[in-house]
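**Student:** Structure of the sequence below:
(one chain, ligands or ions: 1)
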Amino acid sequence: MSTMNMNGNDNDTNYRYKMPVFKVTVAGKGNGVYTIFNNIDDISKALNHPVEVIMKYLASVSGSSYIQARETITGPHNPAELKEFIMEYNKHLVFCSKCGIPETVPSLSGNKKNPKLEFSCSACKNITEAKSANKRIDKGIDIIVKYLKAGGEWKVHKGTCVKQTKASGDSFETSGDLSQEFEEPNETSADSNEPNEESSGGLAQVSAEEESNPFDFI
Ligand SMILES: [Zn+2]
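**Tutor:** Here you go, the predicted structure:
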């Protein structure tokens, strides 16, 4: 599997945090064109962010719609465009703003009507508040807040974003501590989005795969 550095700088060959390159298929015709994400589960595991959140973000910032039932977004999208969007997302919503390591877990604090999004870093232990950077990041913050308010589960697969020599198989779940406080019965359940497999070494394992053409257009 092809990978790219999570900080967007592919010239840094020693950079240890990697994620899979987007593999997409553009299908449909005319106004019905849509993009299928073939490896969104692997990307979700590398970022430790739920598929639903990443897909909603990519749809939102590209002016498209997320069709959750099919794990697709409307319109044609290519890996280069998606890479730009996700690198900006990583910078502001995945990396710890103190230590720069992508091992943060988001949670809500403050009052119910106007909760604040915070990231706890498992590496340096700092808790930092999500900061607005531009309209795209505002959308990302909004999507994550809504997901957590609805009681969405935030699974963390330890070690999947770090290239390791040994698979740890070690994963833990962070159940939203605030899920009850923020419970909104009208929101739809996000249960269907939880990854169904335990972590099994992530990128270190799949990197052995040979990918012929990551840009898998029909
Ligand atoms: Zn940190």
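**Student:** going forward, measure contacts and count neighbours with C-alpha atoms only.
**Tutor:** OK.
**Student:** which residues of this structure fall in strands?
**Tutor:** 3-5, 18-20, 24-27, 34-37, 66-67, 72-74, 104-109, 116-121, 127-129, 154-157, 171-174 (DSSP state E).
**Student:** closest to the ion out of those strands?
**Tutor:** For those, proximity to the ion was assessed by Cα to the ion; strand 116-121 is nearest, at 4.5 Å.
**Student:** helices or strands up against the closest one?
**Tutor:** If you count contacts as 3 or more Cα pairs under 8 Å, 6 or more residues apart in numbering; DSSP states H and E, strand 116-121 packs onto strand 104-109, strand 127-129.
**Student:** The longest one near the ion anywhere?
**Tutor:** No - using Cα under 5 Å from the ion, strand 104-109 never reaches the ion; the gap is at least 7.3 Å.
**Student:** Would you tell me which residues of this protein are close to the ion?
**Tutor:** Counting by Cα under 5 Å from the ion, the chain comes close to the ion at Cys96, Cys99, Cys121, Cys124.
**Student:** For these, which single residue is the most surrounded?
**Tutor:** Cys96 (26 neighbours; other Cα atoms under 10 Å).
**Student:** That one contacts Phe119, correct?
**Tutor:** Yes - in this structure, Cys96 is within contact of Phe119 by Cα atoms under 8 Å, at 7.4 Å.
**Student:** Distance to Lys83 and mean pLDDT added to the strands of the chain, as JSON lines?
**Tutor:** Formatted as JSON lines, these follow (distance: least, Cα to Cα, whole Å; pLDDT from 0 to 100):
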{"stretch": "strand 3-5", "distance to Lys83": "9", "mean pLDDT": "96"}
{"stretch": "strand 18-20", "distance to Lys83": "10", "mean pLDDT": "97"}
{"stretch": "strand 24-27", "distance to Lys83": "12", "mean pLDDT": "97"}
{"stretch": "strand 34-37", "distance to Lys83": "13", "mean pLDDT": "97"}
{"stretch": "strand 66-67", "distance to Lys83": "17", "mean pLDDT": "96"}
{"stretch": "strand 72-74", "distance to Lys83": "15", "mean pLDDT": "97"}
{"stretch": "strand 104-109", "distance to Lys83": "20", "mean pLDDT": "96"}
{"stretch": "strand 116-121", "distance to Lys83": "23", "mean pLDDT": "96"}
{"stretch": "strand 127-129", "distance to Lys83": "25", "mean pLDDT": "96"}
{"stretch": "strand 154-157", "distance to Lys83": "22", "mean pLDDT": "86"}
{"stretch": "strand 171-174", "distance to Lys83": "27", "mean pLDDT": "43"}
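**Student:** And those: which comes nearest Glu81?
**Tutor:** strand 24-27 (11.5 Å; Cα to Cα).
**Student:** Run through this structure and note the low-pLDDT ranges.
**Tutor:** 158-218 (pLDDT under 70).
**Student:** which helix is the longest one in the protein?
**Tutor:** helix 135-149 (DSSP state H).
**Student:** Would you mind extracting the C-alpha trace of that one into CSV?
**Tutor:** The C-alpha coordinates for helix 135-149 follow below in CSV (Å, rounded to 0.1, in the frame of the first residue of the first chain):
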residue,chain,number,x,y,z
LYS,A,135,-13.9,28.1,7.3
ARG,A,136,-12.8,24.5,6.5
ILE,A,137,-11.4,23.9,9.9
ASP,A,138,-14.5,25.5,11.5
LYS,A,139,-16.6,22.9,9.6
GLY,A,140,-14.3,20.2,10.9
ILE,A,141,-14.7,21.3,14.5
ASP,A,142,-18.5,21.5,14.0
ILE,A,143,-18.6,18.0,12.5
ILE,A,144,-16.5,16.5,15.4
VAL,A,145,-18.6,18.4,18.0
LYS,A,146,-21.9,17.1,16.5
TYR,A,147,-20.5,13.6,16.4
LEU,A,148,-19.5,13.6,20.1
LYS,A,149,-22.8,15.3,21.1
